[in-house]
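Engineer: model this:
(chains A and B)
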Number of protein chains: 2
Amino acid sequence: MAASEYLDERIETATHEEIQKLQDARLAKQLDYLFVRSVFYQEKFRAADLRREHYRCLGDLQRFPFTTKEELRESQAAFPPLGKHIAADLDDIIRVQSSTGTTGKPSFVGLTRRDAEVWTKATARSFYTQGLRKPDIVIHAAGLTLFAGGLPVKDAIEFAGAMFVPIGTGASEKALYAIQLLKANAMHCTPSYAAYFADWVRREAEIEPRELGLKKIFCGAEPGAGIPAVRAKLQADWGARVTEGLGNADMVPIIFSECPDQSGMHFNVPEYVFAEIVDPESGESLPIETGVTGELVYTSLERECVPLLRFRTRDRVTVLGTECRCGRTGFKLRCVGRMDDMLIVLGVNVFPSAVKDVVSGFHPQTTGEIQIVLDEPGPKVAPPMKVVAEYADAACDLTALRTEIERKIKAVLTVSASVNLVAPGTLPRYEMKGQLVKKAYENKVAV
Amino acid sequence: MAASEYLDERIETATHEEIQKLQDARLAKQLDYLFVRSVFYQEKFRAADLRREHYRCLGDLQRFPFTTKEELRESQAAFPPLGKHIAADLDDIIRVQSSTGTTGKPSFVGLTRRDAEVWTKATARSFYTQGLRKPDIVIHAAGLTLFAGGLPVKDAIEFAGAMFVPIGTGASEKALYAIQLLKANAMHCTPSYAAYFADWVRREAEIEPRELGLKKIFCGAEPGAGIPAVRAKLQADWGARVTEGLGNADMVPIIFSECPDQSGMHFNVPEYVFAEIVDPESGESLPIETGVTGELVYTSLERECVPLLRFRTRDRVTVLGTECRCGRTGFKLRCVGRMDDMLIVLGVNVFPSAVKDVVSGFHPQTTGEIQIVLDEPGPKVAPPMKVVAEYADAACDLTALRTEIERKIKAVLTVSASVNLVAPGTLPRYEMKGQLVKKAYENKVAV
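Structural biologist: Below is the predicted model:
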């Protein structure tokens, strides 16, 4: 593959040893910074009886404690404005973003000028990995306020020299107009929006989405683009290559990115982030080998404002490979879902996205939209798991379809489900992140 | 005043002669560019029988034709994507913004990397002139998508080293939370939103706006902050200094900016824009002297994608002075309103903002909210002009108040008005730009 397929060839094609050496040096420097600048980590280290000299090389990192989202929330609440975990002067922070943008009180993440530059370079590399090139015209149909997939993406796409078209959410009419007028060939959005917008274009503009000429759809912020049946439908609808990225608002907006080989997302910012996969129960660090599944844990290697050590993301991932036809050496994974969304049916772990994959596989007999209804708070769910799914126009025998879907869920996910088929358009569509679980118990009247 | 009061002291305090020399050289270079790169202007110049040698110095500019917004709209429609008037390669455009963001089909404005840098520097200087400094924490409660007062402001505030908090519109709860948590001391928004948000904070959070601690409110996108009675109310509500800026999405987002002296907006980007004030009827260029009123006309001095020559803004302005206690040498003005909004009552020009000023002057007997009702399309309005205004809690005798307001409108604006007083909260509030005119005729049933 030509050198121009990489934005930063030296890093993207480096050997395991080269990366390890680089990360070793960077982590040592970051720890020097933490021991001097971070009150939050000074206290954590003291409590764990850890001194700077306990870290000599990457292997020593496992002796260091994890950092959790709850700690960051508590830190922000107890030490406003940005928590005890910020390690830069407030005066040097040029922007805040948020790790939840849609509901509830946001948890803020500060960026110094240097942090913003790192975010820009990291995010630009991600888009380049996904196939973005300078002449591309990219419709940004996602948030542009606190959402970490917004402004950093604007900076990154401009940095890469492509054209950024800031549309935002809830503006499908403007998105359509911009795509048509500018002859845009690319779009960045959540997979939920890509699905929603395809329906919208068909219904409101009476245009087949694929006629709009988008060739690259860059997805993120939730699983979806990586779910095989969901991706297949999106690609068919849009006539476009759909790729996905995965990141973390507290760390770097996009850390893993899928190359056009579409065989998983590459870890491709090794100079900014050290990534581990741990057993979510034991916290033990797992080897990064094909087939390994666990929780992603990140450590900042170059961060001024929010330098996090062994941050547990709650993202459940599976390693898909350690090499690729594209030549990138960063290992590849797929995100199965958030640990918080995981359900347990008679001891079996089930991610809502996996149920969506099974039901979407029945397209065109189903629309692919589902909702899992919980009568009691999870994660434990008494069988059969209640699944509401939309049939589609091609469905003729609903009774047979229902039985088939239940059989398939049992076969693939080894849990029993009871499927309720509803008319197309019944379930809610989302312009931002999708919600696959309905907490029916929240509306129950207390007895 | 200390040197640190200027972001670019050399430019901001330059003499008239220094600026003229600078603009002369830059305009010559920009014209070289137009004659080579702009098909739009090549055609316009040919039609007017103008050749490059007709321009030797700034004084010659008056021989060159105006450019109107209609021409740009037609150019975009006839030569998509961005019109015949773009003078850069599509591949070199890194972003589009829009000159209307809220309604209808947007008219797009492209930016090359160099254009974006110019916008950033110009906009940063504007905020600095208004008193923004590095330690400031700025809540951005305005659009962040196509709106030209959005992303360019983000870039500018970060460039100046202050903290940018991207809240957007329609998110008052988040804005309040961010102000409280981050102890923000500054806000950027439309004057309509500053008024709306003050009401919202009182009503929804039961907090007096001034208790929130904002000290600087930067306004723009519509007149309002410069209307004396409106400003006085905003400043009293918020306990903050309110300043305003004026710009143009097709040209530079902020071109005129008010210093803390609050005696009008300084022209303070003379190296990027040449500004004229013309008689809107005759098109004759007027001298820039205190008291002169006319239409603002801009010429790009450094622009790659959309280099406009003598662009008629439709902004009606009055020159307030040519020197200032702040030491800046750029002349000062106030924007009276958009020419398109101007009404004519028996030959007298009336801007809705002037009516709002009169009514707001009756605060606390009025809320300051008004609406002018048109029964026929303007600009000519048969007297008496219909004004709906909200009384406020302090009003006791509504009949007397009504008579007083009518008398004051007649005295100040020399037109007769019929005032209809309605209860506080009756008229619509706007989170983006306000609408002072109600086109009642649009809802009339055809006979």
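
Engineer: Next, A:Ala275: secondary structure please.
Structural biologist: Using DSSP: H, G, I helix; E, B strand; the rest coil, the three-state assignment for A:Ala275 comes out as strand.

Engineer: Residues in a beta bridge with it, which ones?
Structural biologist: Taking DSSP bridges, one obtains A:Tyr298 as the residues bridged to A:Ala275.

Engineer: Quick check, pLDDT for it.
Structural biologist: Note on A:Ala275: pLDDT of 98.

Engineer: Residue for residue, what is the longest helix chain A has?
Structural biologist: helix A:16-37 (DSSP state H).

Engineer: by contact count, what packs against that one?
Structural biologist: Counting contacts by 3 or more Cβ pairs under 8 Å, 6 or more residues apart in numbering or on different chains; DSSP states H and E, helix A:16-37 is packed against helix A:39-47, strand A:293-300. The C-beta positions use only the backbone N, C-alpha and C, and glycine is treated the same way.

Engineer: now those in JSON lines, with mean pLDDT?
Structural biologist: JSON lines is the format used below for the helices and strands packed on helix A:16-37 (pLDDT from 0 to 100):
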{"stretch": "helix A:39-47", "mean pLDDT": "97"}
{"stretch": "strand A:293-300", "mean pLDDT": "98"}
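
Engineer: Using CSV, please lay out these together with distance to A:Ser107.
Structural biologist: Formatted as CSV, those follow (distance: least, Cβ to Cβ, whole Å):
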stretch, distance to A:Ser107
helix A:39-47, 14
strand A:293-300, 16
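
Engineer: so which of these is the most packed in?
Structural biologist: strand A:293-300 (a mean of 23; mean count of other Cβ atoms under 10 Å in any protein chain shown).

Engineer: Tell me what angle it forms with helix A:16-37.
Structural biologist: Between strand A:293-300 and helix A:16-37, the angle comes out at 60 degrees (axes from the mean of the first three to the mean of the last three Cα atoms, to 10 degrees).

Engineer: Contacts for strand A:293-300 next, please.
Structural biologist: A:27, A:30, A:61, A:66, A:248, A:251, A:255, A:272-280, A:285-286, A:306-319, A:335-336, A:339 (Cβ atoms under 8 Å, 6 or more residues apart in numbering or on different chains).

Engineer: who touches A:Ile304 in this structure?
Structural biologist: That one is not Ile; residue A:304 is Glu. A:Glu304 touches A:33, A:87-88, A:92, A:112, A:114-115, counting by Cβ under 8 Å, 6+ apart.

Engineer: Would you list the buried entries among those?
Structural biologist: Buried members of those, scored by 16 or more other Cβ atoms under 10 Å in any protein chain shown, are A:33, A:87-88, A:92, A:112, A:115.

Engineer: now the strands for the stretch 1-150 of chain A?
Structural biologist: A:93-98, A:108-112, A:137-140 (DSSP state E, counting those that start in this stretch).

Engineer: Need the ones you listed in CSV (columns: mean pLDDT and distance to B:Thr169).
Structural biologist: What follows is the strands of the stretch 1-150 of chain A, written out as CSV (pLDDT from 0 to 100; distance: least, Cβ to Cβ, whole Å):
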stretch, mean pLDDT, distance to B:Thr169
strand A:93-98, 97, 17
strand A:108-112, 97, 19
strand A:137-140, 98, 17
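
Engineer: Quick one: those as TSV, columns for distance to chain B too.
Structural biologist: What follows is the strands of the stretch 1-150 of chain A, written out as TSV (distance: least, Cβ to the nearest Cβ, whole Å):
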stretch	distance to chain B
strand A:93-98	4
strand A:108-112	7
strand A:137-140	8
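
Engineer: Now that we have these, can you turn them into a markdown table and tack on distance to B:Ser300?
Structural biologist: Compiled in a markdown table, the strands of the stretch 1-150 of chain A are given as follows (distance: least, Cβ to Cβ, whole Å):
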| stretch | distance to B:Ser300 |
| --- | --- |
| strand A:93-98 | 29 |
| strand A:108-112 | 32 |
| strand A:137-140 | 24 |
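
Engineer: can you tell which of those is closest to B:Tyr193?
Structural biologist: Checking those against B:Tyr193 by Cβ to Cβ gives strand A:93-98 as the closest, at 19.8 Å.

Engineer: sorry, back to before: which one of the buried ones among the contacts of A:Glu304 is nearest A:Gly170?
Structural biologist: For the buried ones among the contacts of A:Glu304, the nearest to A:Gly170 is A:Asp115 (29.2 Å; Cβ to Cβ).

Engineer: Do I have it right that the closest one meets A:Pro307?
Structural biologist: No. Using Cβ atoms under 8 Å as the test, A:Asp115 is too far from A:Pro307 to be in contact (9.4 Å).

Engineer: Which among the helices and strands packed on helix A:16-37 is found nearest to B:Phe40?
Structural biologist: strand A:293-300 (49.4 Å).

Engineer: just for the stretch 51-200 of chain A, where's the confidence low?
Structural biologist: The stretch 51-200 of chain A contains residues with pLDDT under 70 at A:100-104.

Engineer: Please list the residues of the stretch 101-250 of chain A that sit near chain B.
Structural biologist: Taking Cβ under 8 Å from any Cβ of the partner chain as the measure of proximity, the stretch 101-250 of chain A contacts chain B at A:105-106, A:108, A:110, A:113, A:116, A:134-135, A:137, A:144-146, A:150-151, A:154, A:157-158, A:161-168, A:171, A:174, A:177-178, A:181-183.
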